[in-house]
Structures are given as C-alpha cells and as structure tokens.
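S.K.: okay, here's the prediction I keep looking at, along with the sequence it came from:
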Amino acid sequence: MYNSRLIMLSDNDLVELARLGDSDAFCSLLERHRLVALRVGYTIAGGDAEDAVQEAMVKAFRHLDRFRSGSPFRPWLLAIVANEARNRRRSHARHATLALRVREGNAPMLAAVSGSAEDAAIERDQQSHLLAAVTALPDRDREVIALRYFAGLNEAETATALECPTGTVKSRLSRALDRLRVALTEDVRS
C-alpha cells in the first residue's frame, strides 16, 4: 500500500528509511525515478529495458549500503540501470537491431507538439529519425546522450552515473553530438 507521508521526503531521507528496513520508502524512491530509469534503459537496451530496470532496482536495494549518504540518489541509480542495460544489450548481441521504445510524453526532448495532425505527424517522423540515429551510435555515445538529454542529468550527475570525471563527460558528449549531427545530416541527404 502506498504511503502518502513519503511524498514530501527527500531522496536522502527515503534512502535512510529504506536502510532501516522501510520497504515503502524504497518503493517510493524507485517510483520517483522509474520513468527516467526506463528512458535510460530503453536508450541502451531497447526491448530489454524493462527487465534491465527491474534487475537494476533489485540490485540497488541489495546494495543500498554502498550508497554514499548525502550524494544524489538519481545518478547512482541510473549508473546501475545503465550497467544492467549495457550487460543485457551485450548478452543478447542486439547491437545492430536495437528497438528503441519511448512512450510519448515521457521524454522531455521528445514531447509531443500541439497543433495540427500534420504537425504531429512531422514531429513523430522527426523523433523517429532522431531515435534511429541515436540507436545507431556506439554504446559510449548513446549512453552519454541518454543520461544527459533523455534522463535530464546535468554534467556532474552524468559523470557520477558514468563513473568518470566531468571533463570526460564534456568531451564524450561533444564527440557523441558531432557523430549524431553527421548521422542526421547524412540521413537528410539520402
């Protein structure tokens, strides 16, 4: 049963309650970050995203003692999601045929455009091309773009999730966006 008293608590407060055995607190914490975890999972693992996210949440619960108190929870959780999604992607050898599913309205950069049916169709077509181009990127590029833009993490949080320095995130992101720009330009030309 959902506990409404938990809504007002911070992530760190929920983590501390979960560490003390409050399973409702942990469930509330996971629900708070479920959509962004799914976005990251879909970007990296495609059709295996839901399984990857579920397994990542189980791992997060098991390793809650490793979470550093006072640190932001979301990047820590998304690092686990990204690792699990990456492992599932590798194990299923779906590198060339990823099926990226993002539910309409869940991703901030993929929000539906209000207007005519023609505008909506054009928007969906553009989203489809963008997602196909992101899917075709190498794993490292896809992960940094997914965390930074699909999950909405800032550079420091992305660095935490990828377990690398902020400068590395900046350079990876720059190179990934350059590759994405090239892929999209080539797509428009063909």
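M.R.: Right, received. Where do you want to start?
S.K.: tally of neighbours for residue 177?
M.R.: Using other CB atoms under 10 Å, residue 177 has 16 other residues around it. Bear in mind the C-beta positions are built from the backbone N, C-alpha and C, glycine included.
S.K.: so it touches residue 142, yeah?
M.R.: No - using CB atoms under 8 Å, residue 177 is not in contact with residue 142, being 11.8 Å away.
S.K.: tell me which other helices or strands the helix-or-strand element of the chain with minimal mean pLDDT touches.
M.R.: Within the chain, confidence by mean pLDDT, DSSP states H and E is lowest for helix 117-136 among all helices and strands, at a mean of 77. Secondary-structure packing of helix 117-136 (3 or more CB pairs under 8 Å, 6 or more residues apart in numbering; DSSP states H and E): helix 139-145, helix 166-189.
S.K.: of all those helices, which gets the most neighbours per residue?
M.R.: helix 139-145 (a mean of 21; mean count of other CB atoms under 10 Å).
S.K.: residues contacting the residue nearest the centre of the chain?
M.R.: For the chain, the residue sitting closest to the mean C-alpha position, by CA atoms, centre = their mean, is residue 40 at 2.0 Å. Counting by CB atoms under 8 Å, 6 or more residues apart in numbering, residue 40 makes contact with 78, 81, 82, 85, 146, 147, 150, 151.
S.K.: so what's the fifth one up against?
M.R.: Meaning residue 146. 39, 40, 43, 44, 82, 134.
S.K.: tell me the two of the residues you listed that are most distant?
M.R.: 82 and 134 (14.5 Å; CB to CB).
S.K.: these two: who's more crowded?
M.R.: Counted by other CB under 10 Å, residue 82 and residue 134 do not tie: residue 82 has more neighbours, with 28 against 22.
S.K.: now do the buried residues in the helix or strand hosting the more buried one.
M.R.: Taking DSSP states H and E as the definition, residue 82 sits inside helix 73-92. If you call a residue buried by 16 or more other CB atoms under 10 Å, then helix 73-92 has these buried ones: 73-89.
S.K.: do stretch 37-56 as well
M.R.: Buried-residue list, stretch 37-56, by 16+ other CB under 10 Å: 37-49, 52-53, 55-56.
S.K.: distance between the ends of it?
M.R.: The straight-line separation of the ends of stretch 37-56 (CA to CA, to the nearest Å) is 9 Å.
S.K.: average pLDDT across it?
M.R.: Here stretch 37-56 scores 89 as its mean pLDDT.
S.K.: off-centre distance for that stretch?
M.R.: Offset of stretch 37-56 from its chain centre (CA atoms, centre = their mean, to the nearest Å): 8 Å.
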